[in-house]
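Novice: Mind looking at a prediction? Sequence and model below.
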Amino acid sequence: MEIIIIAAISLALFFDFVNGFHDSANAIATIVVTRVLSAHQAVLIAALGNFIGAFFFPVAVATTVGRGIVDPKAVSEIVIISGLIGAIVWDLITWRMGLPTSSSHALIGGLVGAALVGSGWGAVKWSGVVRTAEFIVIAPILGIVGAMVFTLVVFFLVRNKRPGNVDKYFRKLQLISSTFYAISHGTNDAQKTMGVISALLLSSGFISSFYVPVWVILSAHAAIALGTYFGGWRIVKTLGTKIKRLRPVDGFAAETSGGLVLLFTALSGIPVSTTHVISGAVIGVGSVKNISSVRWIVARRIFWAWIFTIPMSAMVAAFTFMILNNFLK
């Protein structure tokens, strides 16, 4: 049995690596496309920011994922493994398609699908699932509105400045905003894996009450940081050029406003999608100057991928659970 637990924890950390790999574009797309940093420099900063997030913020999101999505009594090694496989498969499919979808929602969908097949309807805490699903819409709206307001304020402050000076100034500021976004991204996304591992430790009797051990915090942040370092460039292209081509001032506004939204939701214990937030922020920045500059066909394609994330990852997880359960029996 301990071998299965070790395998489940290892798979959870691998999911965290895939999460960082899949979502690396969230933190670096804008700064790479605006040519403030090279791709290699950007991923180093993003990976460092993802890891630093472990030392500054509480684990409210981890608690929500660990106790607020699936009844802890229904959590087992097979449920965790199946849920993680469902999330990883969907992440890799959307990465291959170049779509910036939510690893967080893929994980939640995977857990729900596996728990439904394993323990029935009552195993899922639907209030937590509904709250998470609501933020499929709310998170990008927060990103859009926040970025629009922030961009308008920035444009007002530099309205009398020469374009060349503005560009030079915001190329430096974007170093700060990109790092800030990477820290908030790591704080939000690494906590989902922390919650899964802690729920597994609780159900297996390794801890007597729900909390997140220090080694879980450090290993989760290390895994997502490594994934970010080896990140996926297909999604960088989608976020940075296909939705709206960005300038340094645009990148600064998108990263800063998106980072503030993620910080607020992380402190509130809401497991939102960092992908949804930054995609919304990029759209918001583009809409301020000229709404037609946003490539809405691409945005619609991304939106539909968001809608399908939870049900598709749930289906993969449910199918995986049935296979593993029969095999282990």
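Specialist: Looks like it arrived, so ask away.
Novice: Three-state assignment for the nearest residue to Ala223 once chain neighbours are set aside, please.
Specialist: In space, and not counting its chain neighbours, Ala223 is closest to Asp16: 3.8 Å by C-beta to C-beta, 6 or more residues apart in numbering. The way it works is simple: take the backbone N, C-alpha and C, and place the C-beta from them, glycine included. Each residue gets one of three states, and Asp16 gets helix by DSSP: H, G, I helix; E, B strand; the rest coil.
Novice: for Asp16, what are its contacts?
Specialist: Asp189, Ala190, Thr193, Ala220, Ala223, Ile224, Gly227 (C-beta atoms under 8 Å, 6 or more residues apart in numbering).
Novice: So, low pLDDT: which residues of the stretch 1-150 of the chain?
Specialist: For the stretch 1-150 of the chain, residues meeting the criterion pLDDT under 70 lie at 1, 22-30, 33-34, 39, 98-100.
Novice: what about the helices in it?
Specialist: Taking DSSP state H, counting those that start in this stretch as the test, the helices found in the stretch 1-150 of the chain are 2-33, 39-52, 60-68, 77-96, 103-119, 126-157.
Novice: most neighbours per residue, which of the ones you listed?
Specialist: Per-stretch averages of neighbours, counted by mean count of other C-beta atoms under 10 Å, single out helix 103-119 among the helices of the stretch 1-150 of the chain, with a mean of 28.
Novice: neighbours of Met312, just the number please.
Specialist: Neighbour count for Met312, taken as other C-beta atoms under 10 Å: 21.
Novice: in this protein, what residue sits furthest out from the centroid?
Specialist: Relative to the C-alpha centroid of the chain, counting by C-alpha atoms, centre = their mean, Asn160 is the outermost residue, at 37.4 Å.
Novice: need the contact list for the residue most central in space within the chain.
Specialist: Closest residue to the average C-alpha location of the chain: Thr274 at 4.0 Å, with C-alpha atoms, centre = their mean. By C-beta under 8 Å, 6+ apart, the contact list for Thr274 reads Asp23, Asn26, Ser102, Ser104, Ser184, His185, Asn188, Asp189, Gly258, Leu262.
Novice: got it, and Leu44?
Specialist: Leu44 makes contact with Tyr229 under the criterion C-beta under 8 Å, 6+ apart.
Novice: and Ile307, which of the helices of the stretch 1-150 of the chain is closest to it?
Specialist: Closest approach to Ile307 among those is made by helix 126-157 (7.1 Å; C-beta to C-beta).
Novice: Include distance to Ser38 when you put the contacts of Thr274 into TSV, please.
Specialist: Supplementary listing: the contacts of Thr274 in TSV, determined by distance: C-beta to C-beta, whole Å:
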residue	distance to Ser38
Asp23	20
Asn26	18
Ser102	28
Ser104	29
Ser184	23
His185	20
Asn188	26
Asp189	24
Gly258	22
Leu262	25
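Novice: Between those, which sits nearest Phe321?
Specialist: Distances from Phe321 to these, taken by C-beta to C-beta, are shortest for Ser104, at 20.3 Å.
Novice: looking at it, the closest one is touching Thr193, isn't it?
Specialist: No. The pair Ser104 and Thr193 fails to qualify as a contact (C-beta atoms under 8 Å) at a distance of 9.9 Å.
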